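Chemist: mind folding the following:
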Amino acid sequence: MTQQQLQLLEQYNKALALYKQRKFQEALEEFKKALQIVPDDGPSKLYVERCLEYIKNPPPEDWDGVFVMKTK
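Modeler: Presented below is the predicted three-dimensional model:
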């Protein structure tokens, strides 16, 4: 694993932990930092979109971390 991949993984995991704690604004910022390391990282891009959606429309209180698509 390269140094860049290790940095990305560390940043992604930090962001994902915030996401799972429903701290979507903070997670969004951390996923953006991951994209500064690897701009085309698919998982980070996906979670940026999910964070933006949950900032606009927060999930219910009993949310278990699963993202439900509203449209195809």
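Chemist: surely residue 34 meets residue 12?
Modeler: Yes - the pair formed by residue 34 and residue 12 meets the contact definition of CB atoms under 8 Å, at 4.9 Å. Backbone N, C-alpha and C define where each C-beta goes, glycine included.
Chemist: looking at those two, which is more packed in?
Modeler: A count of neighbours by other CB atoms under 10 Å puts residue 34 above the other of residue 34 and residue 12, at 25 against 21.
Chemist: contacts only, for residue 8.
Modeler: 34, 37-38, 41, 44 (CB atoms under 8 Å, 6 or more residues apart in numbering).
Chemist: any idea how far it is from residue 48?
Modeler: Look at residue 8 and residue 48: by CB to CB, to the nearest Å, they are 14 Å apart.
Chemist: cool, and residue 70?
Modeler: From residue 70 to residue 48 the distance is 17 Å (CB to CB).
Chemist: more neighbours: which of those two?
Modeler: Taking neighbours as other CB under 10 Å, residue 70 and residue 48 compare with residue 48 leading, 20 against 7.
Chemist: quick one: secondary structure of that one?
Modeler: helix (DSSP: H, G, I helix; E, B strand; the rest coil).
Chemist: is it in contact with residue 39, as I believe?
Modeler: No - Residue 48 is beyond contact range of residue 39, at 11.7 Å (criterion: CB under 8 Å).
Chemist: just the buried residues of the helix or strand hosting residue 10, please?
Modeler: Using DSSP states H and E, the element containing residue 10 is helix 3-20. In terms of neighbour count (16 or more other CB atoms under 10 Å), helix 3-20 has its buried residues at 8, 11-12, 14-16, 18-19.
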